[in-house]
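Peer 1: let me see the structure of the following:
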Amino acid sequence: MTSSLPAAVKPLTADLRERARGLSWLLFDVDGVLTDGRLIYGPEGETLKRFDVRDGLGLKLAQRYGLRVGVLSGRSSPALDRRSKELGLDEHLVGRSDKGRTLDEFLDRHRISASEVAYVGDDLIDLPVLQRCGLSFAPSDAVDDVRKRVHRVLSRPGGHGAAREMVELILRARGDWSSVLESFTG
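Peer 2: Numbers count the residues shown, from 1 in each chain. Now for the predicted structure:
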């Protein structure tokens, strides 16, 4: 039986396992993480985004196994609004260019500490969140200064399974992955 994780993925460290067990929330940047970062403008000037269906299943699996899931994006768009609603995300923080302040508001509202949050981001605007969260990730195509400052660089690029890879790593680290597989295989 094969996993969707590439063979080159590094083994889980004790630190990653411990940090993953303390999580209650997963937050995702959108452009460059849940999408490939390209913006496509339609004939009416609308912004089109392409999302990976496997990432969507990953977010739903995280919720199924007790984690709350949300997006934290500097941009807003009807496409993102629709995708968030379709997935039933627990938090939808969009149009927030000051991500550090937004994280503070989020933590206060939910009465949690930053150590209970995992975040994945790809660019400099994400650093104020990445540097404070309990577990931080970057897609393989994130900018160098982000990749150097996260707990784990994923093997997949943004918009092409990076979010799914992050969820799988966390669920494996928490000891939930065999239950995930059993739920599909019986």
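Peer 1: CA atoms for contacts and neighbours, from now on please.
Peer 2: Will do.
Peer 1: need the three-state assignment for L12.
Peer 2: With DSSP: H, G, I helix; E, B strand; the rest coil as the basis, L12 sits in coil.
Peer 1: my bad, should have said A118
Peer 2: Three-state assignment for A118 (three-state DSSP): strand.
Peer 1: right, and it touches G134 too?
Peer 2: Yes - applying C-alpha atoms under 8 Å, one finds A118 in contact with G134, separated by 5.8 Å.
Peer 1: of those two, which one has the most company?
Peer 2: A direct count of neighbours by other C-alpha atoms under 10 Å for A118 and G134 places A118 higher, at 27 against 22.
Peer 1: so what's the more buried one bridging to?
Peer 2: Beta-bridge partners of A118, counted by DSSP bridges, are L26, L135.
Peer 1: need the contact list for it.
Peer 2: 23, 25-27, 133-137 (C-alpha atoms under 8 Å, 6 or more residues apart in numbering).
Peer 1: same question, S84
Peer 2: So S84 contacts 71, 92 (C-alpha under 8 Å, 6+ apart).
Peer 1: next, it: phi, psi?
Peer 2: Here is the backbone geometry of S84 (degrees, to the nearest 10): phi -60, psi -40.
Peer 1: for G134, see how far away it is.
Peer 2: 23 Å (C-alpha to C-alpha, to the nearest Å).
Peer 1: for L59, same thing?
Peer 2: 18 Å.
Peer 1: pLDDT at S77, what is it?
Peer 2: In this model, S77 is scored at 89, pLDDT.
Peer 1: do the one 4 residues further on as well
Peer 2: Listed pLDDT for D81 reads 94.
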